[in-house]
Structure formats: structure tokens, C-alpha cells
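1. Predicted model, plus sequence, below.
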Amino acid sequence: MKKIKLFCLPYAGGTAAIYNKWKKSVNKHIEVCPIELPGRGKRFIEPLFHNMSDAVDDIFHSVRNYLDVQPYAFFGYSMGSWLAYEVIRKALKAGYRPPVHAFFAAKDAPSVVRDKVKMHLLEHDEFVNRILKLGGTPEGIFENDELMEIFVNILRTDYEVVETYKHCAADNKINCNISVLYGAKDSYPEEDVKAWTDITSGNCSFTSFDDGHFFINNYQDKIINIVNTML
């Protein structure tokens with residue numbers, strides 16, 4: 001039996017390394033495949049993407065050779081959820097078979113109409129203060145000017161990708177079962193999270209965590225258990 005490839009996409013400012021620990025904890029029939037985005041990790045010298053379309057094209061190019069070779073699934077966290085969703089849409093439009101499952105975590109549904117502050121347009125100090133309030137980022141990064149400059153540039157550009165994204169309602173459904181994971185104390189209204197049901201023709205399940213946006217840091221074992229169970 002071929003292993004299920006689980007393509008994992010990080011949150012804004014994150015790297016593929018956040019999923020490295022998963023490799024020892026998932027069931028033996030699952031192959032964790034963290035995807036590194038340009039401008040960080042092993043791809044640090046590559047230019048950052050400023051829009052969703054370019055990011056999706058890059059990810060699709062890196063995974064497409066596997067999509068008809070063995071079963072696959074996607075796990076996206078925050079920004080990674082929308083990236084995963086759009087990569088799946090692109091794969092289906094290109095005629096590839098659907099994933100066996102998709103996991104969307106810490107993000108409202110892409111179809112929700114938003115009227116929020118554009119983080120990527122904020123002045124430096126206000127941008128940093130809002131990021132610190134969101135949590136999940138080691139404060140030590142902001143104590144080193146060089147590290148802060150690098151991280152803020154990556155994070156601001158990732159926010160640009162998310163905040164300039166426009167969901168296309170045409171052919172918006174993906175034909176696979178999905179699991180939606182969210183923090184009960186996150187900033188997204190629950191009805192915006194529940195709207196994920198609108199983008200799939202398959203089954204949709206929801207799991208709430210008693211935490212904020214970065215519940216992945218405190219509930220890794222529970223998240224991995226959900227992945228193991230669903231796959």
C-alpha cells in the first residue's frame with residue numbers, strides 16, 4: 001500500500017520546519033511533506049511572493065508530479081489554509097484526482113467577505129505591536145535588529161498575499177472531505193469559520209481548541225491524532 005503524502009503549509013512568517021516533529025508522530029502510512037515557501041528556510045535567497053496566484057503556482061509546481069502517483073492530502077495552517085485550498089482547486093481544474101482529505105486550521109473560510117485593517121500597510125511600530133499581541137512569535141526576534149528586519153519583511157509580505165487575495169466563487173467547491181480546526185479564542189467569528197462548509201461537496205468536520213490563533217503550539221499531539229484518524 002502506498003503511503004499518503006501529506007503536504008503541509010505553514011502560517012504567515014512560518015517555515016516548513018514547524019512540521020518536522022510530525023514525521024515521528026504520524027501513522028506509518030502517512031508521509032509528512034512540509035512545503036517551504038520562497039524567502040525562508042532552504043529557499044531564503046529566493047524572492048518573496050506578493051500575491052496568492054504566484055504562491056499557488058509555485059506550490060502546485062512542486063507537488064504536481066506526485067498527485068496522480070499516490071494518494072495525497074493537504075494540511076494548511078492560517079495563511080497555509082488558503083494556499084492549500086487554492087492549490088487543490090488548481091489541481092482539480094488541471095484534471096488531477098482530488099486529495100483523500102484536506103485540513104484547514106486557524107483560518108476563516110476564503111469565501112467570507114472581510115473589512116479589516118490591512119496589516120501589510122501599517123507603519124513598522126504598529127505592525128510589530130499587532131504581531132506581538134497576536135502571539136506565537138518569540139519576542140527575542142524583535143530584540144535583534146537584523147533578525148527583526150528579516151522577519152518583519154517576510155511577515156509583511158505574507159500578509160500582503162493574504163490581504164490582497166480575492167476569492168473566486170466560480171467553481172469554488174473541492175470534492176473531498178475536510179477537517180477544520182480553530183481556536184475558540186481566536187479573532188475569527190465562529191460563523192466565518194463554519195463557512196468552510198460552503199467550499200466542499202464532501203463532508204466537513206470541525207474541532208475547536210481552547211486557545212488562540214497559535215493553538216498548534218499547545219495542541220500538537222491532538223492535531224496529529226486528528227490527522228492520523230482522518231487519514
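-> Noted; the coordinates are in hand.

2. buried sites along the least confident helix or strand in the chain by mean pLDDT?
-> Using mean pLDDT, DSSP states H and E, the weakest-scoring helix or strand in the chain turns out to be helix 124-134, at a mean of 81. Using 16 or more other CB atoms under 10 Å as the test for burial, helix 124-134 gives 127-128, 131. Backbone N, C-alpha and C define where each C-beta goes, glycine included.

3. part of a strand, is Leu92?
-> No - with DSSP: H, G, I helix; E, B strand; the rest coil as the criterion, Leu92 is assigned helix and is not in a strand.

4. so how far is the least confident helix or strand of the chain from its chain's centroid?
-> A distance of 21 Å separates the centroid of the chain from that of helix 124-134, by CA atoms, centre = their mean, to the nearest Å.

5. Please apply the same query to stretch 96-114.
-> Its chain's average C-alpha position is 9 Å from that of stretch 96-114, according to CA atoms, centre = their mean.

6. what does stretch 166-173 give?
-> How far stretch 166-173 lies from its chain's middle: 18 Å, per CA atoms, centre = their mean.

7. one step back: so what does the least confident helix or strand of the chain touch, helix or strand wise?
-> Applying 3 or more CB pairs under 8 Å, 6 or more residues apart in numbering; DSSP states H and E, one finds that helix 124-134 makes contact with helix 145-163.

8. What's the local residue count around Ala226?
-> In this structure residue 226 is Ile, not Ala. By other CB atoms under 10 Å, 18 other residues sit near Ile226.

9. State the distance from the residue nearest to Lys118 when sequence neighbours are not counted to Lys23.
-> Nearest-residue entry for Lys118: Glu163, 5.2 Å, with adjacent residues in sequence omitted and distances by CB to CB, 6 or more residues apart in numbering. From Glu163 across to Lys23, the span is 32 Å (CB to CB, to the nearest Å).
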